[in-house]
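A.B. asks: Mind looking at a prediction? Sequence and model below.
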Amino acid sequence: MFCKTARDAGYRWAWSDTCCIDQNNNVEIQKSFNSMFIWYHHSALTIVYLSDVPPSSKSGAPAKSAWNTRIWTVPESLAPKVILFYQQDWTVYLNDRSSNHKESAAIVQKLQDSTGIDAQSLVAFRLGMRDAREKLQWASKRVTTLQEDIAYSLFGIFDVHLLVLYGENKQNALGRLSQEIIAHSGDITALDWVGKSSEFNSCLPADITSYKPPPCTLPSLSEDEMQTCVSTLGNIVDVELASKLYNLLDIGTPRFANRRLRLPCNAFRVTEVRRRLGQDQESCFTYDVKAKGLQDLSITTEDKLVQMSPKRPTRQSFLLIRPWNRHDLELPDFADEMMDDVDDWSEPGSPSDESHSGYPGDNELVDHSRALRLIVRLGRPFSALLLAQQRVGEYKRVASDNNIIAQVKDMASVRDMMDVRTLEIL
């Protein structure tokens, strides 16, 4: 029926991934997985057969279809420019006889409701590494027969080409994908998750389901509110110190290689960790945490933390960090810079990206207004990571069951934000 439907639509050839990929040929599997998104994108027509949607189905049927639960259908729904949905008896879905269901507002709305993917992406998706966290969330509710396909199915939407290594396990597969995204885009949204840490790297989740909760939405400032804060701070903040902090934060982008993450950040030294008593669950612990320059907060985790206080210090130290964000400096997205002409990239032997080429450096005067806007942003609540020191210069992330929302005690105290460094996280 698939071939007949394709022929009736005026085509002489049809390709089905289920039938047309030789699963016993590793070379063919590798080529197919790294090419499938492009194949679907350039198809004249993509036919989706909803085998469990009866002809009498109502408009909400795709949400209940097995098609909507599979991980591979994420790229299959995004890549094609022309797509038609067919029901169990091979009649078109909702009796919509238009030539392209991506042009049907009703069907696109149903797909958005059932997949969680926004309508704009469904209709005109642009592959790439931008908004990595959002794309990982699209896949977080999907299932697959082979655990590694959780990552392999997403190669196309991120435009990455990696080896297919069945048997490596899902943590390693997802870790390799995330490493590639961060290493080439500098996008740290993939670090925004709650749950268990991966064995690949502690800053990554053990399972893609950790991206299922929506990212923590922190209160934002309107431009009028920003200007009011800047005016207020101008009278109480050391502007020269704020400008120095701006320059300190221009320290390059996150780098991920060999399972190690080099992460630029503002660091706040933890001074006290105290476990709350009277907890019912022995598998989960809540700690009251104090850090220099931050308001007090609590953290819930499955990890047992070493309790510490000024009167009872320990050899192990902890940091609460704010990962460096280009938007705080009002710099363009790293993904946008990747699209620049290759001639704009540094030539071999020229200063590295850490020399701040093209941006305000230590010998340049940063506009005072921009420096104060930075202080306003750094004074807002932020999603923090808790790190435990392992060896000199190396840390591991302590996974939390909830987002860790931190805030500096005094927005006018620039010195509390001055501990800027690049940490190596295992």
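C.D. replies: Yes, it's here.

A.B. asks: pLDDT weak spots in the protein?
C.D. replies: For the chain, applying pLDDT under 70 flags the ranges 57-63, 278-282, 331-366.

A.B. asks: quick one: the helices in it?
C.D. replies: Assigned by DSSP state H, the chain shows helices spanning 2-8, 17-20, 26-41, 73-78, 105-115, 119-123, 132-139, 149-152, 155-158, 170-185, 223-233, 239-249, 334-338, 368-378.

A.B. asks: Take the second one, keep the C-alpha atoms, and write them as PDB.
C.D. replies: Listed next in PDB are the C-alpha coordinates belonging to helix 17-20 (Å, rounded to 0.1, in the frame of the first residue of the first chain):
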ATOM      1  CA  ASP A  17      13.800   3.000   6.100                       C
ATOM      2  CA  THR A  18      12.400  -0.100   7.600                       C
ATOM      3  CA  CYS A  19      12.900  -2.100   4.400                       C
ATOM      4  CA  CYS A  20      15.700  -0.300   2.600                       C
END
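
A.B. asks: Not counting its own residues, what contacts it?
C.D. replies: Contacts with helix 17-20, where a contact means C-beta atoms under 8 Å, 6 or more residues apart in numbering, come from Ser32, Met36, Trp72. (C-beta placed from N, C-alpha, C; glycine too.)

A.B. asks: still on that earlier bit, indicate which one of the helices of the chain is closest to Thr217.
C.D. replies: Thr217 sits nearest to helix 132-139 of all the helices of the chain, at 12.3 Å, using C-beta to C-beta.

A.B. asks: Which strands and helices lie in contact with that closest one?
C.D. replies: Helix 132-139 sits against helix 155-158, helix 170-185, with contacts defined as 3 or more C-beta pairs under 8 Å, 6 or more residues apart in numbering; DSSP states H and E.

A.B. asks: one more time with 10 Å, if that's ok
C.D. replies: Secondary-structure packing of helix 132-139 (3 or more C-beta pairs under 10 Å, 6 or more residues apart in numbering; DSSP states H and E): helix 73-78, helix 119-123, helix 149-152, helix 155-158, helix 170-185.

A.B. asks: Test my guess that Leu297 contacts Leu320.
C.D. replies: Yes - the pair Leu297 / Leu320 is scored as a contact, 8.2 Å apart, by C-beta atoms under 10 Å.

A.B. asks: between those two, which one's more packed in?
C.D. replies: The residue with more neighbours, out of Leu297 and Leu320, is Leu320; 26 against 17, by other C-beta atoms under 10 Å.

A.B. asks: which ones are touching that one?
C.D. replies: 265-270, 289-294, 297, 299, 382, 384-387, 398, 404, 406 (C-beta atoms under 10 Å, 6 or more residues apart in numbering).

A.B. asks: Give me the buried subset of these.
C.D. replies: Buried positions within these, assessed by neighbour count (16 or more other C-beta atoms under 10 Å), are 265-268, 270, 289-291, 293-294, 297, 299, 382, 384-387, 398, 404, 406.

A.B. asks: and the gap between Pro54 and Tyr86?
C.D. replies: Pro54 sits at a distance of 12 Å from Tyr86 (criterion: C-beta to C-beta, to the nearest Å).

A.B. asks: More neighbours: the two, which one.
C.D. replies: Of the pair Pro54 and Tyr86, Tyr86 is the one with more neighbours under other C-beta under 10 Å, namely 18 against 10.

A.B. asks: quick revisit: for PyMOL, write a command that selects the buried ones of the contacts of helix 17-20.
C.D. replies: Per 16+ other C-beta under 10 Å, the buried members of the contacts of helix 17-20 correspond to this PyMOL selection:
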select buried, resi 32+36+72
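
A.B. asks: In CSV: the contacts of helix 17-20, plus distance to Ser99.
C.D. replies: Output for these, formatted as CSV (distance: C-beta to C-beta, whole Å):
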residue, distance to Ser99
Ser32, 28
Met36, 24
Trp72, 25
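
A.B. asks: Let me see the contact set for the closest residue to Lys244 other than its chain neighbours.
C.D. replies: Closest residue in space to Lys244, ignoring its immediate chain neighbours: Met418 at 7.9 Å, by C-beta to C-beta, 6 or more residues apart in numbering. When the contact criterion is C-beta under 10 Å, 6+ apart, the partners of Met418 are Leu241, Lys244, Leu245, Leu248, Leu249, Asn266, Ala267, Gly293.

A.B. asks: Of the contacts of helix 17-20, which is the nearest to Lys170?
C.D. replies: Looking across the contacts of helix 17-20 and measuring by C-beta to C-beta, the closest to Lys170 is Trp72, at 14.7 Å.

A.B. asks: what's the distance between the closest one and Val306?
C.D. replies: 44 Å.

A.B. asks: hang on, Asp303 packs against Thr286?
C.D. replies: No - using C-beta under 10 Å, Asp303 and Thr286 do not qualify as a contacting pair, with a distance of 11.8 Å.

A.B. asks: can you list residues touching both of those two?
C.D. replies: With C-beta under 10 Å, 6+ apart as the test, Asp303 and Thr286 reach no residue in common.

A.B. asks: and the longest strand for the protein?
C.D. replies: For the chain, the longest strand by residue count, based on DSSP state E, is strand 260-275.

A.B. asks: Off-centre distance for it?
C.D. replies: Centroid separation for strand 260-275 versus its chain: 20 Å, with C-alpha atoms, centre = their mean, to the nearest Å.

A.B. asks: Go ahead and confirm Trp67 touches Asp52.
C.D. replies: Yes - using C-beta under 10 Å, Trp67 makes contact with Asp52 at a distance of 7.9 Å.
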